[in-house]
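J.: Prediction below, plus the sequence it came from.
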Amino acid sequence: QVQLVESGGGLVQAGGSLRLSCAASGRTFTSYRMGWFRQAPGKEREFVAAFARGGITNYADSVKGRFTISRDDAKNTVYLQMNSLTPEDTAVYLCAATARILRDDLPRSYDYWGQGTQVTVSS
């Protein structure tokens, strides 16, 4: 089992940047595939980025070229660097982990979730 804690959210102006962190507990961090999702009020949870099989990164089209997912296994931490933010990026961002080999862009593929961190982008 793994516990996830996100941090780094906040209020930023359009065009700005934020880096989110997701700290994971447990000594088997490297066994898990990690992903980021987001959820805006009244909307479904939306895929943002993930590490696919073989460590290849996968991004939603809406964030491709602006967001970068990375991980530091020594620190049991996954990051989401977000650049060129727009008001449409405003949402609660959630970190997720799975030990299963399923599609990385679907929420149902993930077994563990953090509590989320709020990102608000003002125009």
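T.: Nice, thanks for sending it over. Residues are numbered from 1 along each chain as shown.
J.: Let's check: the centremost residue of the chain is which one?
T.: The centroid of the chain falls nearest to residue 36 when counting by CA atoms, centre = their mean (2.1 Å).
J.: And the strands in the protein?
T.: Taking DSSP state E, the strands of the chain run over residues 4-7, 10-13, 18-24, 33-39, 46-51, 57-59, 67-72, 77-82, 91-98, 112-113, 117-122.
J.: how close does residue 48 get to residue 28?
T.: 24 Å (CB to CB, to the nearest Å). The way it works is simple: take the backbone N, C-alpha and C, and place the C-beta from them, glycine included.
J.: Residue 42 now?
T.: 36 Å.
J.: next one: residue 7
T.: When distance is defined by CB to CB, residue 7 is 22 Å away from residue 28.
J.: Those two - which one has more neighbours?
T.: Shown here are residue 7 and residue 28; by other CB atoms under 10 Å, residue 7 has more neighbours (14 against 11).
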